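Chemist: Structure for the following, please:
(one chain, ligands or ions: 1)
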Amino acid sequence: MPYNPDAHRYDIMHYRRCGRSGLKLPVVSLGLWHNFGHVDHFENARAMIFKAFDLGITHFDLANNYGPPPGSAEENFGRIFRNDLKPFRDELVISTKAGWPMWPGPYGDFGSRKYLIASLDQSLKRMGLDYVDIFYHHRPDPETPLHETALALDHIVHSGRALYVGVSNYNPRQTTDMAKILKKLNTPFIIHQPKYNMFYRNIESGLTDVLKREGLGCIVFSPLAQGLLTDKYLNGIPNDSRAANPHGFLKSEHITGEAIEKVKKLSQIANARGQSMAQMAVAWTLRLPEITSALIGAHTPAQIEELIGALEHLDFEERELREIEAILA
Ligand SMILES: NC(=O)c1ccc[n+]([C@@H]2O[C@H](COP(=O)([O-])OP(=O)(O)OC[C@H]3O[C@@H](n4cnc5c(N)ncnc54)[C@H](OP(=O)(O)O)[C@@H]3O)[C@@H](O)[C@H]2O)c1
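Modeler: So this is what the prediction gives:
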C-alpha cells in the first residue's frame with residue numbers, strides 16, 4: 001500500500017524558528033539513533049516515520065554512524081524515502097552528521113575536510129538524496145584546526161550538498177569560535193545540537209547565552225535521558241527497553257536507585273499536570289526560549305503519539321518549576 005500522509009498533519013504541531021534563520025523546525029523532531037538499524041525491524045521503523053510525519057514531525061535526524069551496523073539507519077531511511085517519502089521531499093528537513101569513527105584508517109573520524117566531505121557523499125548515497133537540509137559536525141576535534149572544519153562546512157553548503165550547517169557537542173567557546181569563522185565566510189550556520197534533559201543540564205551554564213548572542217537555534221537530544229525520564233524503569237528493567245537491548249547505549253548501571261526516586265517524585269508533578277512523565281520531560285526542555293526543538297527517540301509509533309501529547313500542555317507555572325528544581329537538586 002502506498003503511504004498517504006494524514007491530511008491534518010499540520011494541525012497539532014508547533015514550529016519554532018531556528019535561531020535567526022529562515023528555517024522553522026517542529027518543536028518535536030525524531031532521531032534515528034536507535035531502532036532504525038539493520039538489527040531492528042524495518043516495518044516498525046517505517047511505521048514510526050509515517051506516524052511522526054502524520055503528526056507534523058517534519059524533521060528527521062540521522063548521522064553517518066547510526067545503526068548498527070554504522071550506516072544502516074541511513075540505508076533504511078533511504079529505502080523509506082525512495083519508496084514512500086520522495087513526493088514529500090520539500091516538506092522534510094533531513095539532517096545527518098559526521099565526527100565519530102566511521103571507516104578504518106586516518107580519514108574516517110573527527111573533523112578534517114577529507115573526512116567530512118567524503119562522509120557526507122556516502123550519506124547522500126545511502127539515503128538516495130541530492131542534498132541534506134542540515135549537515136552537522138558531530139563533535140569537536142581537538143587536533144584539526146577549527147578553520148579547516150569550518151571551510152569544509154562552507155564547501156559542503158556551497159557545493160549544494162547541504163542547505164544549512166550545524167555543530168553538535170561543542171562547548172560555548174568552540175561554538176563562539178565556529179560562529180565567528182562561519183560568519184566571515186557567509187555560511188548558513190544555524191543550529192547547535194547538544195544533550196539536554198532534567199538530569200543533564202550543561203547547556204544552562206553558558207551555551208544558551210552563546211546561542212542567543214549568535215542567533216543560533218538549538219535542538220536538544222535525549223530529552224528523556226534515553227528513556228530514564230519515563231515511567232518505564234520504576235519497577236525494574238523491562239525486557240523490551242533500551243537498557244535491556246544489547247545494542248542500546250543506555251546501560252543497566254545508569255538506572256540508579258537515586259534516579260528512580262527522583263523520577264517517582266517527578267511523575268507526581270506530571271500527573272498533577274495531566275501529563276505522563278515522558279510528556280512532562282519533553283515539555284520541560286521546551287520551556288527555554290533558546291530551544292527550537294526536542295529531539296526524541298522512539299521504539300514504537302505509540303511512543304511518538306504519546307510524546308506529541310506534550311504539546312497540549314507546554315507551559316509551566318512558577319510553582320511547578322520550583323518543585324521540579326527541588327527534586328532535581
Ligand atoms: N548529537 C549527538 O551526539 C547525539 C547523541 C545522542 C542522540 N542524538 C540524537 O537524539 C535523538 C534522540 O536521542 P534518544 O533516543 O536518546 O532520545 P530520548 O527521547 O531521550 O530517548 C528515546 C527512548 O526513550 C524511550 N521512550 C520514548 N518515548 C517513550 C514513551 N512515550 N514512553 C516510554 N518510553 C519512551 C524509548 O526507549 P525504549 O526502547 O526503552 O522504549 C526511546 O527509544 C537520537 O535519535 C539522535 O538523533 C544525538
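Chemist: Pro101 in helix, strand or coil?
Modeler: Here Pro101 is recorded as coil under DSSP: H, G, I helix; E, B strand; the rest coil.
Chemist: Tally up the residues packed near the closest residue to it other than its chain neighbours, please.
Modeler: Spatial nearest neighbour of Pro101, excluding adjacent residues (C-beta to C-beta, 6 or more residues apart in numbering): Asp109 at 4.6 Å. Backbone N, C-alpha and C define where each C-beta goes, glycine included. Per other C-beta atoms under 10 Å, the neighbour tally for Asp109 reads 19.
Chemist: how much space between Asp109 and the ligand?
Modeler: Going from Asp109 to the ligand by C-beta to the nearest ligand atom, to the nearest Å gives 14 Å.
Chemist: Can you give me the distance of that residue to Arg161?
Modeler: 20 Å (C-beta to C-beta, to the nearest Å).
Chemist: what's the answer for Asn197, then?
Modeler: From Asn197 to Arg161 the distance is 31 Å (C-beta to C-beta).
Chemist: List the buried residues of stretch 91-101.
Modeler: Applying a neighbour-count criterion of 16 or more other C-beta atoms under 10 Å, the buried positions in stretch 91-101 are Leu92, Val93, Ile94, Ser95, Thr96, Lys97, Ala98, Gly99, Trp100.
Chemist: ok, so of these, who is nearest the ligand?
Modeler: Lys97 (6.5 Å; C-beta to the nearest ligand atom).
Chemist: name the helices or strands packed onto the helix or strand hosting the closest one?
Modeler: For Lys97, the host element (DSSP states H and E) is strand 93-98. The contact analysis (3 or more C-beta pairs under 8 Å, 6 or more residues apart in numbering; DSSP states H and E) places strand 93-98 against strand 59-61, helix 113-127, strand 132-137.
Chemist: Out of the ones you listed, the one nearest Arg242 is which?
Modeler: strand 59-61 (17.1 Å; C-beta to C-beta).
Chemist: Does the closest one reach the ligand?
Modeler: Yes: applying C-beta under 6 Å from any ligand atom, one finds strand 59-61 in contact with the ligand at Asp61.
Chemist: what's next to that strand, contact-wise?
Modeler: Identification of contacts with strand 59-61 by C-beta atoms under 8 Å, 6 or more residues apart in numbering yields 25-26, 29-32, 49, 52, 77, 92-95, 193, 219, 221, 293, 295.
Chemist: how much space between His147 and Leu25?
Modeler: Relative to Leu25, and taking C-beta to C-beta, His147 is found at 28 Å.
Chemist: More neighbours: the two, which one.
Modeler: Leu25 (27 against 12).
Chemist: Assign a three-state SS to that one, would you?
Modeler: Applying three-state DSSP: Leu25 is strand.
Chemist: I'd say it and Leu92 touch.
Modeler: No: using C-beta atoms under 8 Å, Leu25 makes no contact with Leu92, being 11.4 Å away.
Chemist: shared neighbours, those two?
Modeler: Common contacts of Leu25 and Leu92 (C-beta under 8 Å, 6+ apart): Thr58, His59.
Chemist: Please list all residues in contact with the spatially most central residue of the chain.
Modeler: When C-alpha atoms, centre = their mean is applied to the chain, the residue found nearest the centroid is Leu295 (3.6 Å). Counting by C-beta under 8 Å, 6+ apart, Leu295 makes contact with Ser29, Leu30, Gly31, Asp61, Gln193, Ile219, Val220, Phe221, Ser222, Pro223.
Chemist: got a markdown table for the residues you listed, with secondary structure and distance to Ile304 too?
Modeler: Below are those laid out as a markdown table (DSSP: H, G, I helix; E, B strand; the rest coil; distance: C-beta to C-beta, whole Å):
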| residue | secondary structure | distance to Ile304 |
| --- | --- | --- |
| Ser29 | strand | 11 |
| Leu30 | strand | 7 |
| Gly31 | strand | 11 |
| Asp61 | strand | 14 |
| Gln193 | strand | 19 |
| Ile219 | strand | 16 |
| Val220 | strand | 17 |
| Phe221 | strand | 16 |
| Ser222 | coil | 16 |
| Pro223 | coil | 13 |
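Chemist: can you list the residues of the chain near the ligand?
Modeler: 31-35, 61, 138, 168-169, 193, 221-227, 230, 232, 241-242, 278, 295-299, 303, 306-307.
Chemist: Give me the subset of those residues lying in strands.
Modeler: Mapping those onto strands (DSSP state E) picks out Gly31, Asp61, Ser168, Gln193, Phe221, Leu295, Ile296.
Chemist: List just the nearest of these to the ligand.
Modeler: For those, the nearest to the ligand is Gly31 (2.1 Å; C-beta to the nearest ligand atom).
Chemist: so who does that closest one touch?
Modeler: Phe60, Asp61, Leu62, Phe221, Leu295, Ile296, Gly297.
Chemist: try 7 Å
Modeler: Contacts for Gly31 (C-beta atoms under 7 Å, 6 or more residues apart in numbering) come out as Asp61, Phe221, Leu295, Ile296, Gly297.
Chemist: And Phe249, by the same measure?
Modeler: Gln226.
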